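1. Return atomic coordinates for the entry below.
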Amino acid sequence: METLTVPTTVARNEEGYLTDATQWTPDIAHAIAAEYGITLTDEHFAVLNYLRQRHFDETPLTIRRIGKSGIVTIKEFYALFPGGPLKVSSKIAGIPKPTSCV
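-> Numbering: from 1, shown residues only. Presented below is the predicted three-dimensional model:
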């Protein structure tokens, strides 16, 4: 198990997802985003907050659902989180890997 220390320490699984989504903070999001070379903006946080809300509502996450959310278009989503947007954004949002991700 991997850990991330950002003034606090949180546990992550072997794929880099937080093991406890309730431990997430914006500071943790910034630290994880930095690992991917992403500097978070308000637009990123709008997406991250949407993902977290859907996770806690137990709504399955898909790229299509995010594109239809009105938060961002699919094209914008890919631009904000390059290299596998749903996986990367879920890690940064501190939620488990979506079942739609292979």
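
2. For residue 85, give me its contacts.
-> By CB atoms under 8 Å, 6 or more residues apart in numbering, residue 85 lies in contact with 63, 77, 78. Any C-beta I mention is one placed from the backbone N, CA and C, and that applies to glycine too.

3. Could you say which helix or strand holds the second one?
-> Using DSSP states H and E, residue 77 sits in helix 74-80.

4. For residue 100, which phi and psi angles does the backbone take?
-> phi -80, psi -10 (degrees, to the nearest 10).

5. What's the separation between it and residue 36?
-> To residue 36, residue 100 is 20 Å away according to CB to CB, to the nearest Å.

6. Residue 71 too?
-> Residue 71 is 19 Å from residue 36, by CB to CB.

7. re earlier: and residue 100 and residue 36? Which one has more around it.
-> Counted by other CB atoms under 10 Å, residue 100 and residue 36 do not tie: residue 36 has more neighbours, with 15 against 12.

8. Nearest residue to the more buried one in space, please, no chain neighbours.
-> Spatial nearest neighbour of residue 36, excluding adjacent residues (CB to CB, 6 or more residues apart in numbering): residue 88 at 5.7 Å.
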